[in-house]
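**Q** pasting the sequence and the predicted model now:
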Amino acid sequence: VCSKRVVAARRTAGTRSIVWVGKGITYDTGGLALKSKDGMCGMKSDMDGSAAVFGAFVAAVQRPLDVDLHAVLCIAENAIGPGALRNDDIIHMYSGKTVEINNTDAEGRLVLADGVAYAARHLGPHCILDMATLTGAQSANTGKRVGSLLANDEDWEARAVAAGKGSGDLVYPLIYMPETLMPEFDSEVADMRNSVTNRQNAQASCAGHFIEAHLKAVGYTGAWLHVDMAGPATDGTGGSRLATGWGVAFLLQLLERST
């Protein structure tokens with residue numbers, strides 16, 4: 001957790017707190033649900049969400065802030081070993097929820113769920129934004145150059161879209177329908193599963209709602225934004241897997257529109 005709080009001389013009763021939460025899977029093999037040899041290549045970029053959050057945080061704190069700004073980096077490796085999660089495991093999350101693992105290659109939402117729950121409990125946020133290379137379905141929704149945005153607040157959603165246009169790191173809203181999409185995670189043995197039943201049912205939105213469920217579990221009622229940047233995070237030109245730095249400018253632009 002990295003934090004910069006508003007100095008005493010600038011604090012007011014209305015000083016707000018913003019938390020950025022980044023997925024930082026330093027390498028994603030898929031775990032015991034192992035990726036193919038080709039599908040695994042480039043998975044060192046599965047930490048691009050945390051990289052963008054950290055890069056934007058470092059830039060933001062170079063100047064005086066009118067909000068308390070926190071960066072929560074969810075760092076882990078998804079690999080095979082004696083302690084690796086198995087499909088059929090049931091784990092206890094930081095939010096208090098139990099999760100049945102039905103896909104060890106859906107690991108990013110697990111670390112993000114803990115990250116946002118921690119932020120909600122300990123950092124007094126008015127807005128939480130999580131950013132991640134979360135789903136392959138993101139590119140099917142908004143393409144390789146535009147991030148997918150899921151938001152529980154229309155005002156913040158509009159600010160995020162405007163920040164995307166202002167920064168060049170474009171985002172476009174996904175459907176927000178937890179009441180119809182959360183049943184995809186129904187489990188007979190836990191509060192929820194970690195992967196959907198039907199991969200054709202708004203999968204990118206579902207993944208975001210999984211994270212949101214853990215915010216609701218700790219009683220958080222503030223604004224929440226989820227940015228899936230799986231496509232824009234890497235170049236993709238001619239098969240390139242080089243990182244683009246997508247997300248840094250977007251976060252800084254959104255911060256300007258939040259103060």
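**A** Received the coordinates, thanks. Everything quoted here is computed from the prediction, not taken from an experiment. Numbers count the residues shown, from 1 in each chain.
**Q** next up, the contacts around residue 113.
**A** The neighbourhood of residue 113, defined by CB atoms under 8 Å, 6 or more residues apart in numbering, consists of 93, 94, 95, 210, 211, 213, 214. Any C-beta I mention is one placed from the backbone N, CA and C, and that applies to glycine too.
**Q** ah, wrong one, I meant residue 45
**A** Taking CB under 8 Å, 6+ apart as the criterion, residue 45 is in contact with 133, 233, 234, 241, 243.
**Q** which of these are buried? Put it as a PyMOL command.
**A** In PyMOL, this line selects whichever of the contacts of residue 45 come out buried by 16 or more other CB atoms under 10 Å:
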select buried, resi 133+233+234+243
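**Q** now, which of the contacts of residue 45 sits nearest residue 159?
**A** The closest of the contacts of residue 45 to residue 159 turns out to be residue 233 (CB to CB; 21.7 Å).
**Q** parallel or antiparallel, list what pairs with the host helix or strand of residue 69.
**A** Assigned by DSSP states H and E, residue 69 belongs to strand 67-78. In the sheet, strand 67-78 lines up against strand 2-4 (antiparallel), strand 16-28 (parallel) (DSSP bridges).
**Q** hmm, back to that, filter the contacts of residue 113 down to the buried ones.
**A** Neighbour counting by 16+ other CB under 10 Å classes 93, 94, 95, 210, 211, 213, 214 among those as buried.
**Q** between those residues, which is closest to residue 54?
**A** Using CB to CB, residue 211 comes nearest to residue 54 of the buried ones among the contacts of residue 113, at 19.1 Å.
**Q** that closest one touches residue 111, doesn't it?
**A** No. If you go by CB atoms under 8 Å, residue 211 and residue 111 don't touch, sitting 9.9 Å apart.
**Q** now do the helices in the chain.
**A** 37-40, 48-60, 108-122, 137-142, 154-167, 178-181, 203-217, 248-256 (DSSP state H).
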